[in-house]
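Trainee: Kindly generate the corresponding structure for this input.
(4 chains)
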There are 2 protein chains.
Amino acid sequence: MSKHAKEMGILKEHLGKHQLKFTRQRELILDAFLKQEHITAEEMYHQLARRDPHLGLATIYRTLNLFCEAGLAQARHFGTQTQYDNVSHKGHHDHLICTGCGKIVEFENCDIERLQEEVATQNGFTITTHRLELYGLCSRCRH
Amino acid sequence: MSKHAKEMGILKEHLGKHQLKFTRQRELILDAFLKQEHITAEEMYHQLARRDPHLGLATIYRTLNLFCEAGLAQARHFGTQTQYDNVSHKGHHDHLICTGCGKIVEFENCDIERLQEEVATQNGFTITTHRLELYGLCSRCRH
DNA sequence: ATTCTTTTTGATATAGCTTATCAATTTCAA
DNA sequence: TTGAAATTGATAAGCTATATCAAAAAGAAT
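Mentor: The predicted structure is shown next:
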């Protein structure tokens, strides 16, 4: 039994419901994807180049988008690229970013997360992921 | 005295500090920008085409990025395009984004903002701006 | 007002990321 | 095993944003 049996099952269920097929490439890409917290298509392309030199970039994009539709991944546009987040990874962290020196501090705050849920519920949404970035100056750069 | 005297002053101050020049185009673009809550470069290009048919798209991009450096605007990557947010609009609003249909709901939550300040203080930061995006499914797409 | 240096503009080429196209291959149910 | 339907890989095409560069404009000094 594979390490990622649960997610593999979700994928297979999605495939079955939509008359799609379970392929070697989809299995390979899901396996690699689940080991990451988030990854870009390009990064995955290079990572998998050794295991399967003929795996095409288009297939990676197609498959990652498929994962989004299956609810396994979540696309997030960051900078000029698209990050594919592994939804199954818990403990999402947010960022404090110093606009002076570029320093980044990661943090987690349950109260904020709870309020986010509240806002979402009020608007009829169910949140799958979020992104919170606070921009400002760190203590050193303020002086 | 213009309607946007304050922001025009901020821009001029930024220009002065960086040996940049105050041009007809920058004035025109800032004036149009401040009337929006957020806008893409392409949208502004079409909006301003009537007032100045020769205004180039590159100039719009350059100027909107300039506004970001001056603290008047904030770039936000959404979908395949970049949204430029008008920072001067009160009650900085955050976004609920449906990953199913692309629907966007804007919201404001003082409690979240207060907690953000707290987190920043604990880490020695002073916040100048922030970005919060909640991704999920709206009530219609959930079914 | 004129001159001169520096910056900006507009038009277009280029770059970077993602999707579309399509013949060849693979999947999977019959 | 067979055959219809879906997938793949290679590459072209699409789209957004930036780089390039000659011509124009801004602003300081005369």
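Trainee: Would you mind naming what in chain A lies close to DNA strand D?
Mentor: Contact residues (CB under 7 Å from any atom of the strand) of chain A with DNA strand D: A:15, A:19-21, A:23, A:25-26, A:52, A:54-59, A:62-63, A:80. From N, CA and C alone the C-beta is placed, and that goes for glycine too.
Trainee: swap the cut-off to 10 Å and go again
Mentor: A:15, A:18-29, A:48, A:52-63, A:66, A:77, A:79-80 (CB under 10 Å from any atom of the strand).
Trainee: Which among the residues you listed count as buried?
Mentor: A:15, A:25-29, A:48, A:55, A:59-61, A:63, A:66, A:77 (16 or more other CB atoms under 10 Å in any protein chain shown).
Trainee: Pop the domain breakdown of chain A in here.
Mentor: Domain assignment for chain A by automatic domain parsing gives A:5-86, A:94-142.
Trainee: Residue of chain A closest to DNA strand C, please.
Mentor: A:Thr82 (2.8 Å; CB to the nearest atom of the strand).
Trainee: A:Leu64 versus that residue, what's the distance?
Mentor: Counting by CB to CB, to the nearest Å, the gap from A:Thr82 to A:Leu64 is 8 Å.
Trainee: between the two, who's got more neighbours?
Mentor: Ranked by neighbour count (other CB atoms under 10 Å in any protein chain shown), A:Thr82 and A:Leu64 place A:Leu64 first, with 21 against 17.
Trainee: Was I right to think that one contacts A:Gln74?
Mentor: No. Judged on CB atoms under 8 Å, A:Leu64 makes no contact with A:Gln74 at a distance of 10.2 Å.
Trainee: where do the contact lists of the two overlap?
Mentor: A:Tyr84 (CB atoms under 8 Å, 6 or more residues apart in numbering or on different chains).
Trainee: Would you mind grabbing the residues shared as contacts by A:Thr82 and A:Leu64?
Mentor: A:41, A:75.
Trainee: returning to what we had before: the residues of chain A next to DNA strand D in helices, which ones?
Mentor: Taking DSSP state H, the ones among the residues of chain A next to DNA strand D that sit in helices are A:15, A:24-29, A:48, A:57-63, A:66.
Trainee: quick one: which two of those residues are the most distant?
Mentor: A:Leu15 and A:Leu57 (21.6 Å; CB to CB).
Trainee: Scan chain A for its longest strand.
Mentor: strand A:126-137 (DSSP state E).
Trainee: What residues of whatever helix or strand comes next after that one count as buried?
Mentor: Sequence order places helix A:139-142 as the next helix or strand after strand A:126-137, per DSSP states H and E. Neighbour counts using 16+ other CB under 10 Å place A:Cys141 of helix A:139-142 among the buried residues.
Trainee: With just CA atoms, put helix A:139-142 into PDB.
Mentor: Only the C-alpha atoms of helix A:139-142 are listed here, as PDB (Å, rounded to 0.1, in the frame of the first residue of the first chain):
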ATOM      1  CA  SER A 139      12.900  47.000  13.900                       C
ATOM      2  CA  ARG A 140      16.400  47.400  12.300                       C
ATOM      3  CA  CYS A 141      15.100  49.100   9.200                       C
ATOM      4  CA  ARG A 142      12.900  51.500  11.100                       C
END
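Trainee: So what's the gap between it and the chain middle?
Mentor: Distance, stretch centre to chain centre, for helix A:139-142: 32 Å (CA atoms, centre = their mean, to the nearest Å).
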